[in-house]
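Participant: Predicted structure and sequence below. I'll ask about it afterward.
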Amino acid sequence: MHWTPDSQAVMFSSNRDGTYKIFRQGIDQVVPEVLVEGHSLFQPRVSPNGMEIFYLAGYNPQTPAQV
């Protein structure tokens with residue numbers, strides 16, 4: 001979970017329905033909005049200028065890195 005720079009929303013990833021998605025939920029929202037959907041999406045972060053979202057894709061924290 002990661003707060004937006006203005007502290008008005010939180011971003012998080014979840015696979016609550018079987019597909020990973022990155023959500024944004026404002027402090028006044030009951031239902032989060034889907035921002036990105038895909039395979040193994042983790043750790044969403046907002047860019048310093050607030051215009052982009054960075055996240056890890058295809059990363060599995062349960063599996064060690066493979067070279």
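Facilitator: Nice, I can see it.

Participant: Where do the strands of the protein begin and end?
Facilitator: Per DSSP state E, the chain carries strands over the ranges 2-3, 9-14, 20-26, 33-38, 41-46, 53-57.

Participant: Can you report the mean pLDDT over the residues of stretch 46-61?
Facilitator: With pLDDT averaged residue by residue, stretch 46-61 scores 78.

Participant: Correction: the previous question concerned stretch 18-35.
Facilitator: 91.

Participant: Can you show me the CA trace of it as CSV?
Facilitator: Only the C-alpha atoms of stretch 18-35 are listed here, as CSV (Å, rounded to 0.1, in the frame of the first residue of the first chain):
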residue,chain,number,x,y,z
GLY,A,18,-7.7,-14.1,-9.6
THR,A,19,-6.0,-11.4,-11.8
TYR,A,20,-3.6,-8.9,-10.3
LYS,A,21,-4.7,-5.3,-10.5
ILE,A,22,-3.4,-2.0,-9.2
PHE,A,23,-6.1,0.0,-7.5
ARG,A,24,-6.4,3.6,-6.4
GLN,A,25,-8.9,4.5,-3.7
GLY,A,26,-9.6,8.0,-2.5
ILE,A,27,-10.2,8.6,1.2
ASP,A,28,-13.8,9.5,0.3
GLN,A,29,-14.4,6.5,-2.0
VAL,A,30,-16.1,3.3,-1.0
VAL,A,31,-15.0,1.3,-4.1
PRO,A,32,-11.4,1.5,-5.5
GLU,A,33,-10.8,2.2,-9.2
VAL,A,34,-8.7,-0.1,-11.3
LEU,A,35,-5.6,1.6,-12.8
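
Participant: who's in contact with the closest residue to Met11 other than its chain neighbours?
Facilitator: Once flanking residues are discounted, Met11 sits nearest to Pro44: 4.2 Å by C-beta to C-beta, 6 or more residues apart in numbering. The way it works is simple: take the backbone N, C-alpha and C, and place the C-beta from them, glycine included. Residues near Pro44 by C-beta atoms under 8 Å, 6 or more residues apart in numbering: His2, Met11, Phe12, Ser13, Ile22, Leu35, Val36, Ile53, Phe54, Tyr55.
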